[in-house]
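# Model the following, please.
(chains A and B)
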2 protein chains.
Amino acid sequence: MESNGPFSQKKLAVVGIGLMGGSILKALKTDPGRPAVVAAFDIDAGVLKKVREADLADIATDSPEEALRDADFVVMALYPKRAIDFVRQNAHLLKPGAVITDICGVKREIEESIPSLLPDGVSFVGGHPMAGREHKGFDCSVPDLFLGCKYIITGGEGEALEQVKGFADILGANKIVLSDADNHDEMIAYTSQLPHVLSVTYMLAAGTRGVEEFSAGSFRDLTRVAMINDEMWSELFLENKDKLLQEIENLRQGLEAFEALLSQEDREAMRRKMRAAAEMRERISG
Amino acid sequence: MESNGPFSQKKLAVVGIGLMGGSILKALKTDPGRPAVVAAFDIDAGVLKKVREADLADIATDSPEEALRDADFVVMALYPKRAIDFVRQNAHLLKPGAVITDICGVKREIEESIPSLLPDGVSFVGGHPMAGREHKGFDCSVPDLFLGCKYIITGGEGEALEQVKGFADILGANKIVLSDADNHDEMIAYTSQLPHVLSVTYMLAAGTRGVEEFSAGSFRDLTRVAMINDEMWSELFLENKDKLLQEIENLRQGLEAFEALLSQEDREAMRRKMRAAAEMRERISG
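Here you go, the predicted model:
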């Protein structure tokens, strides 16, 4: 079967072969829109061996030169600070016309750093596929990690933007969302970072009580993301500190308001809040 | 097929045919342990008609006398205050030796009221099957609502306790948990009521922002129970006010502590909290 689509003549390099990078390679492997050449870069020899054994890339290397040479499209599947460091050290290897993108869960810091480090003629487009798992590393990667996900794109224009959209499409993303970095970071603070903070805080509030005897669906829902990758999320929280602090503060105030209604036994006001929340949720899911 | 098991010679009455009562009838209908006679009581003629049409009960009536006459086992599938009222008005109809149970999500108020209202020789055992749906009413009832659930039993002893265990078994409960009412209400404040308060408060914190463009799994998890039955939950919250206020307060303090660490950029302390939460969650699910 001949490859077709926007990458059929291109070399695509995936930088960092962990949960996300590995899942990208696995998604590309069987897609009819697979690139002409796929290069996988990682510093871990064990991971590269597994990539070769599973035939997930044409090139599996720990050499940035080999991975980036003549690459048309580069995906950095790294935590934010490492993505910025990687560009700082290797931007000179990128050819004019190349497009480079990332998958980081915060966008302001990335966009303030990376574009200014790039040589002329290389375009950066920020990307954030809203997908993940509780576990990390290449061994947990799966080809359908991105299937049906939202793919947020921040910045970028013209052909570079179209290529990132095409890439999201190959991964199986269900919806492209265009945003600016500031709006992205505010929304993500609310929709993703705050739920993780809540899940961790809620789980710890169990203390030594034998709560599992009394746990059901709502407990499981709320604690699922307490199985958190502490290295990644602590970095993301710090990089979005101002926005996340604002969201935690909002929520604390909301809890205080609910506590006051319950304390005063103002049943009607509690019910109004519940109905408003139910309507909002219904609208979003409906 | 002959019925067998502890109810094969008994008349069982279900009082209140909503989501829970309807699901009980549907679970009983096809179970090999179905009672000799099933009576369904409700004040809604439309619901009784549907019960008759679906052949879910031998008796479908709005007469407490007819439902309770000679009943061996009575399940009140009512909100707590209505359950107490029902017993107050109809306890004299219960025969000596009868066992009466409930399915309410709070237990102290129930146990402080109901036993003292019963005639001699009638036993009360508190029950709380941890199962539910976002929607209410008979039309949403399903035969497998209780399949795999935890069934908490508070109080009761001897033959009466055994009958409630047998009933939980017929519904398909996966695990019987024995507790006293005070411990039940504290645990449920944490495992069930607080998640509902958090879900509502979190949903409302979205305000008018277009958060759905940025929503993924953790958002969906956290907002699922924001589709809340405001009539029932507001009653349950008020009946467990002291315990729930304590849990909300605990959680607010936990958030304050996390906020302080983030504000001070104490990454290591944040990571320790995340790891502790992940380990707790892993232990519970593992």
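# What residues sit buried inside the longest helix along chain A?
Among the elements of chain A assigned as helix by DSSP state H, the one spanning the most residues is helix A:241-263. Using 16 or more other Cβ atoms under 10 Å in any protein chain shown as the test for burial, helix A:241-263 gives A:243-245, A:247-248, A:250-252, A:254-255, A:258-259, A:261-262. All C-beta spots, glycine's among them, are computed from the backbone N, C-alpha and C.
# That one: what's the following helix or strand?
Counting by DSSP states H and E, the element after helix A:241-263 in chain order, helix or strand, is helix A:267-285.
# How is chain A divided into domains?
Structural domains assigned to chain A are A:11-179, A:184-285, following automatic domain parsing.
# could the ones you listed go into JSON lines alongside mean pLDDT?
Rendered in JSON lines, the data for the domains of chain A read as follows (pLDDT from 0 to 100):
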{"stretch": "domain A:11-179", "mean pLDDT": "96"}
{"stretch": "domain A:184-285", "mean pLDDT": "96"}
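# For residue A:120, grab phi and psi.
With angles defined as degrees, to the nearest 10, residue A:120 sits at phi -60, psi 140.
# Report the separation between it and residue A:98.
Separation of residue A:120 from residue A:98 (Cβ to Cβ, to the nearest Å) stands at 11 Å.
# Same check on residue A:32?
For residue A:32, the distance to residue A:98 (Cβ to Cβ) stands at 24 Å.
# The two: which has the busier surroundings?
More crowded of residue A:32 and residue A:98, by other Cβ atoms under 10 Å in any protein chain shown: residue A:98, with 24 against 11.
# is it true that that one touches residue A:73?
Yes: under the criterion of Cβ atoms under 8 Å, residue A:98 makes contact with residue A:73 at 7.1 Å.
# Report the next helix or strand after the longest strand anywhere in chain A in sequence order.
The residue-count maximum for a strand in chain A (DSSP state E) belongs to strand A:123-129. Proceeding C-terminally, strand A:123-129 gives way to strand A:150-154 as the next helix or strand, assigned by DSSP H and E.
# For that next one, name the packing helices and strands.
For strand A:150-154, the helices and strands in contact under the criterion 3 or more Cβ pairs under 8 Å, 6 or more residues apart in numbering or on different chains; DSSP states H and E are strand A:123-129, helix A:158-171, strand A:175-179, helix A:181-188.
# Nearest to chain B, out of the ones you listed?
Among those, helix A:181-188 comes nearest to chain B, with 3.9 Å by Cβ to the nearest Cβ.
# From the contact counts, what lies against the next helix or strand after that closest one?
Towards the C-terminus, the helix or strand next in line after helix A:181-188, according to DSSP H and E, is helix A:194-204. If contacts are counted by 3+ Cβ pairs under 8 Å, 6+ apart, helix A:194-204 sits against helix A:217-223, helix A:241-263, helix B:194-205, helix B:217-223, helix B:241-263, helix B:267-285.
# hmm, try it at 6 Å
helix A:217-223, helix B:241-263, helix B:267-285 (3 or more Cβ pairs under 6 Å, 6 or more residues apart in numbering or on different chains; DSSP states H and E).
# What residues of stretch A:270-286 count as buried?
Across stretch A:270-286, burial judged by 16+ other Cβ under 10 Å covers A:270, A:271, A:273, A:274, A:277, A:278, A:280, A:281, A:284.
# Of the helices and strands packed on strand A:150-154, which stretch is the most buried?
Burial among the helices and strands packed on strand A:150-154, expressed as mean neighbours by mean count of other Cβ atoms under 10 Å in any protein chain shown, is greatest for strand A:123-129, which shows a mean of 24.
# Contacts for that strand, please.
A:99-101, A:103, A:105, A:107, A:110-111, A:114-115, A:118, A:146, A:149, A:151-156, A:160-161, A:164 (Cβ atoms under 6 Å, 6 or more residues apart in numbering or on different chains).
# Does stretch A:130-149 reach chain B?
Yes: figure legend: stretch A:130-149 in contact with chain B (Cβ under 6 Å from any Cβ of the partner chain); contacting residues residue A:130.
# and that stretch, how far apart are its ends?
The separation between the terminal residues of stretch A:130-149, taken as Cα to Cα, to the nearest Å, is 6 Å.
# what does stretch A:204-218 give?
Across stretch A:204-218, the straight-line distance between its terminal residues is 16 Å, by Cα to Cα.
# And for stretch A:152-159?
For stretch A:152-159, the separation between the terminal residues is 17 Å (Cα to Cα).
# which parts of it are buried?
Within stretch A:152-159, the residues that count as buried by 16+ other Cβ under 10 Å are A:152, A:153, A:154, A:155, A:156.
# pretty sure residue A:191 contacts residue B:210?
No: between residue A:191 and residue B:210 there is no contact, the gap being 10.6 Å when judged by Cβ atoms under 6 Å.
# Who has more neighbours out of these two?
More crowded of residue A:191 and residue B:210, by other Cβ under 10 Å: residue A:191, with 25 against 12.
# on that earlier part again, ok, the buried residues of helix A:241-263 vs chain B, which is closest?
Nearest to chain B among these is residue A:254, at 4.1 Å by Cβ to the nearest Cβ.
# what does the stretch 1-150 of chain A put close to chain B?
Looking at chain B, the residues of the stretch 1-150 of chain A close enough under Cβ under 6 Å from any Cβ are residue A:130.
# ok, which stretches of the stretch 1-150 of chain A are strands?
Secondary structure of the stretch 1-150 of chain A by DSSP state E, counting those that start in this stretch: the strands cover A:11-15, A:37-41, A:59-61, A:73-76, A:99-102, A:123-129, A:150-154.
# which one of these lies closest to residue A:216?
Between residue A:216 and these, the shortest separation by Cβ to Cβ is 28.8 Å, and it involves strand A:150-154.
# now that closest one and helix A:181-188, what's the angle there?
Orientation note: strand A:150-154 sits at an angle of 150 degrees relative to helix A:181-188 (axes from the mean of the first three to the mean of the last three Cα atoms, to 10 degrees).
# Can you list the strands that strand A:150-154 pairs with?
Applying DSSP bridges, strand A:150-154 is found paired with strand A:123-129 (antiparallel), strand A:175-179 (parallel).
# if we look at it, which residues are touching it?
By Cβ under 6 Å, 6+ apart, the surrounding residues in contact with strand A:150-154 are A:107, A:126-130, A:164, A:168, A:173, A:175-179, A:181, A:184.
# State which one residue of the stretch 1-150 of chain A is found closest to chain B.
Across the stretch 1-150 of chain A, no residue is closer to chain B than residue A:130, which sits at 3.9 Å (Cβ to the nearest Cβ).
# Now that residue: phi and psi?
Geometry field for residue A:130 lists phi and psi as phi -80, psi 80, criterion degrees, to the nearest 10.
# now swap in the one 3 residues further on and tell me
Per-residue torsions, residue A:133: phi -140, psi 170 (degrees, to the nearest 10).
# quick one, what contacts it?
Residue A:133 is in contact with residue A:140, counting by Cβ under 6 Å, 6+ apart.
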